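**Q** just the structure for this:
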Amino acid sequence: MADEKIPKTVKHPEQYKKDKEAEKIFRQGMANVLDLIAPAALVVTPNYMQLGDLYCKTLFVYTYPRYLQTNWLSSIINYDIVCDISMFIYPIESKNMMGQLRRKLTQLESSESIEREKGLVRNPELETAISDIEGLRDVLQRGEIKLFQYSLYFTIYAKSLEELTAITKQLESTLGGMLIYTKQALLQMEQGFNSSLPICHDELSIMRNLDTGSLSTTFPFTSSTLTRNEGILYGINRHNNSLILFDRFSLENSNSVVFGKAGSGKSYAVKLEALRSLMFGTDVIVIDPENECKSLCEAVGGSWMSVSLSSDKRINPFDLPAQREDETGEDVLREAIINVKGLLILMMGTISPEEDAILDKALFEVYSLKDITSDSATHKNPPPMMVDLQNVLTNMTGGESLVKRLTKYTEGTFAGLFNKPTNFDLNKGFVVFSIRDLEDQLRPVGMYMVLNYIWGKIRFELRKRICIVDEAWIMMQHEDSAKFLFGLAKRSRKYYLGLTVVTQDVEDFLSSNYGKAVITNSSLQILLKQSPTSAAKLAEVFNLTEGEKYLLLECDVGEGLFFAGLNHVAIKIMGSYTEDRLITTDPKQILEQRRVLEETENNE
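**A** Coordinates of the predicted model:
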């Protein structure tokens with residue numbers, strides 16, 4: 001304080017000094033920005049630095065390839081590592097550079113003349129250097145480009161030295177694969193760390209000459225896009241507000257999975273995709289557990305079937321699928337028996353190996369009683385029904401337990417649902433199977449039966465189709481239905497079918513090995529708003545970064561992540577006014593629509 005000049009306007013210098021001293025002491029007791037960001041300890045070694053509990057290391061680029069690809073740095077930025085990337089760009093005066101290039105060109109041409117006089121063979125390296133300098137002089141003279149000195153540093157962070165070493169090797173390997181070679185800033189780790197701080201101070205000063213075109217490739221500010229010249233509109237790209245236009249059938253397989261908590265907009269997104277796909281001639285088949293698609297189905301002139309005890313429409317699980325050209329009658333019969341057997345096991349619960357053999361034999365016999373054999377001509381005969389199987393099992397030794405468990409589906413509470421001939425046909429266009437009115441214990445059975453019926457129709461006629469299975473976690477609770485859904489996901493590509501699996505219970509779905517396999521066989525994934533526990537599970541399965549995980553926790557309804565193959569972007573799903581009125585499931589909107597409709601009818 002003694003060196004500080006006291007303003008002339010101060011009347012009491014001594015009091016002024018005391019006030020300043022008190023202010024200094026008071027400020028020393030206050031927390032400032034440096035106190036908040038400073039590490040607890042700082043250790044500088046020749047090959048790394050330790051900042052509190054973190055270890056860091058700086059690498060610098062010392063050479064580049066002859067040609068650089070646009071956005072080559074994005075592969076490093078997209079790594080799931082903690083890394084600071086620092087760039088320093090120093091413009092070079094073209095006038096000074098022209099003189100240096102002229103002198104260098106004179107030296108190279110002189111070397112070429114000397115080699116030619118000695119009778120040496122042509123030197124391609126020397127000729128290339130001369131050609132490059134001449135080309136550079138031409139564009140510099142015309143002002144087409146400018147020259148710059150460029151420094152590029154990477155400072156990586158890790159929680160242990162082993163992790164730091166592994167990340168360093170990974171980074172060096174990735175850059176080396178692009179012919180971009182780096183070195184560690186040995187004995188200059190502190191200077192390298194300071195050069196990576198956002199203070200615009202280059203303490204390493206390791207620079208290379210780049211022209212305007214080469215320098216432009218280092219800027220990673222390119223937006224993620226998922227727009228193609230074909231397909232439907234899925235939503236808005238939240239990165240740059242561009243449209244996400246995509247054709248799911250252009251991927252290696254056309255299956256998709258949609259995950260989101262209740263009210264996140266899963267059904268809205270799926271119905272919007274279905275409605276827009278219809279415009280391109282794609283058939284849409286929906287398994288609807290909550291009657292959410294009925295109004296949409298009626299609006300587009302589709303077929304709607306309620307799978308319930310009170311419905312007048314039935315599907316006989318014993319129906320034989322249509323025979324394709326590459327199949328024999330024996331193949332068709334055997335496949336029908338396998339599918340019926342899977343349904344029966346789902347209906348009756350766990351069966352012993354002895355009961356399994358009895359059931360297998362009974363199924364062959366019940367078809368034989370209807371004169372249906374491996375001969376394709378006999379497949380036109382009326383198929384058996386559940387009561388026929390019960391009668392066969394009654395006359396077989398060891399089938400008593402099976403008969404008791406089957407009785408409720410033929411004579412008891414659930415009689416009629418699985419014991420009548422099929423009176424419903426899977427037409428083209430929009431088809432909905434509603435299972436809302438089924439008892440909870442019958443839902444997996446109903447979904448299995450419907451999927452089996454759909455699969456038989458799909459295999460016979462090759463058409464572009466989308467099959468939507470809503471609330472798929474119901475099927476994942478039972479091994480047989482989960483196995484069937486997994487098989488459908490694996491085989492759908494061959495029949496031009498895109499399977500869409502929708503679920504809000506991520507834990508139940510991913511806890512099943514078949515559920516994980518369905519995700520693996522789905523090239524399109526839509527992740528909407530998640531709960532904290534589900535987000536952690538999805539982050540592990542989809543290798544999400546912390547930023548993407550946070551996005552799924554904080555996003556609004558209809559927002560999330562859209563994965564298509566190896567690409568993914570943040571998406572906002574939006575529908576037009578007309579689409580919104582057709583597909584909304586918001587109770588408030590539905591009641592308002594009903595009120596407006598009633599007022600209109602009363603006025604008329």
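**Q** give me the distance between Phe280 and Pro91.
**A** The spacing between Phe280 and Pro91, counted by C-beta to C-beta, to the nearest Å, is 52 Å. All C-beta atoms are positioned from the backbone trio N, CA, C, and that covers glycine.
**Q** would you mind telling me which of these two has more residues around it?
**A** A count of neighbours by other C-beta atoms under 10 Å puts Phe280 above the other of Phe280 and Pro91, at 12 against 9.
**Q** need the pLDDT of the more buried one.
**A** pLDDT recorded at Phe280 is 87.
**Q** one more: Lys271?
**A** pLDDT recorded at Lys271 is 91.
**Q** how about the contacts made by the closest residue to Ala377 other than its chain neighbours?
**A** Nearest residue to Ala377 in three dimensions, chain neighbours excluded: Gly329, at 8.0 Å (C-beta to C-beta, 6 or more residues apart in numbering). Counting by C-beta atoms under 8 Å, 6 or more residues apart in numbering, Gly329 makes contact with Gln323, Thr373, Ser374, Asp375, Ser376, Ala377, Thr378, His379.
**Q** and after the helix or strand containing Glu172, which helix or strand comes next?
**A** Using DSSP states H and E, Glu172 maps to helix 161-177. Next along the chain after helix 161-177, taking DSSP H and E as the criterion, comes strand 181-184.
**Q** sheet partners, orientation included, of that next one?
**A** Within its sheet, strand 181-184 is paired with strand 54-63 (antiparallel), according to DSSP bridges.
**Q** if we can go back for a sec, for the helix holding Glu172, buried residues please.
**A** Buried residues in helix 161-177, counting neighbours by 16 or more other C-beta atoms under 10 Å, are found at Leu164, Ile167, Thr168, Leu171, Glu172, Leu175.
**Q** and stretch 325-335, by the same measure?
**A** In stretch 325-335, counting by 16+ other C-beta under 10 Å, buried: Gly329, Val332, Leu333, Glu335.
**Q** only alpha carbons, please: show stretch 236-245 as CSV.
**A** C-alpha atoms of stretch 236-245 as CSV (Å, rounded to 0.1, in the frame of the first residue of the first chain):
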residue,chain,number,x,y,z
ILE,A,236,-36.9,-32.0,-37.5
ASN,A,237,-33.2,-32.2,-37.0
ARG,A,238,-32.6,-30.3,-33.7
HIS,A,239,-28.9,-29.7,-34.6
ASN,A,240,-29.6,-27.4,-37.6
ASN,A,241,-33.4,-27.4,-38.1
SER,A,242,-33.2,-29.4,-41.3
LEU,A,243,-35.6,-32.1,-42.2
ILE,A,244,-35.0,-35.8,-41.4
LEU,A,245,-36.2,-37.5,-44.6
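**Q** now do the buried residues in that stretch.
**A** Within stretch 236-245, judged by 16+ other C-beta under 10 Å, the buried ones are Ile236, Asn237, Arg238, Ile244, Leu245.
**Q** what about the stretch 301-450 of the chain, any weak spots by pLDDT?
**A** Residue ranges of the stretch 301-450 of the chain with pLDDT under 70: 426, 428.
**Q** ranges for the strands of it?
**A** In the stretch 301-450 of the chain, the strands defined using DSSP state E, counting those that start in this stretch lie at 303-306, 430-434.
**Q** if we can go back for a sec, and the helix holding Glu172, C-alpha only, in CSV?
**A** C-alpha atoms of helix 161-177 as CSV (Å, rounded to 0.1, in the frame of the first residue of the first chain):
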residue,chain,number,x,y,z
LEU,A,161,-2.4,-43.5,-15.9
GLU,A,162,-3.4,-46.8,-17.5
GLU,A,163,-6.5,-45.2,-19.0
LEU,A,164,-4.4,-42.2,-20.1
THR,A,165,-2.0,-44.5,-21.9
ALA,A,166,-4.8,-46.4,-23.6
ILE,A,167,-6.5,-43.2,-24.8
THR,A,168,-3.1,-41.9,-26.1
LYS,A,169,-2.5,-45.0,-28.1
GLN,A,170,-6.0,-44.9,-29.5
LEU,A,171,-5.7,-41.3,-30.5
GLU,A,172,-2.3,-41.8,-32.1
SER,A,173,-3.6,-44.9,-34.0
THR,A,174,-6.6,-43.1,-35.3
LEU,A,175,-4.7,-40.1,-36.5
GLY,A,176,-1.9,-42.2,-37.9
GLY,A,177,-4.4,-44.1,-40.0
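**Q** I'd like the mean pLDDT over that helix, please.
**A** pLDDT averaged over helix 161-177 gives 92.
**Q** which residues are in contact with it?
**A** Here helix 161-177 makes contact (C-beta under 8 Å, 6+ apart) with 48, 55-57, 59, 61, 75-76, 79, 81, 83, 154, 156-158, 181-182, 184.
**Q** filter those to the buried ones?
**A** 48, 55-57, 59, 61, 76, 81, 83, 154, 156-158, 182, 184.
**Q** pick out the most distant pair among those residues.
**A** By the measure C-beta to C-beta, Tyr55 and Val61 form the most distant pair in the buried ones among the contacts of helix 161-177, at 21.4 Å.
**Q** quick one on the thing from earlier: got the buried residues of stretch 325-335 as TSV, with distance to Phe433 columns?
**A** Output for these, formatted as TSV (distance: C-beta to C-beta, whole Å):
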residue	distance to Phe433
Gly329	28
Val332	23
Leu333	25
Glu335	21
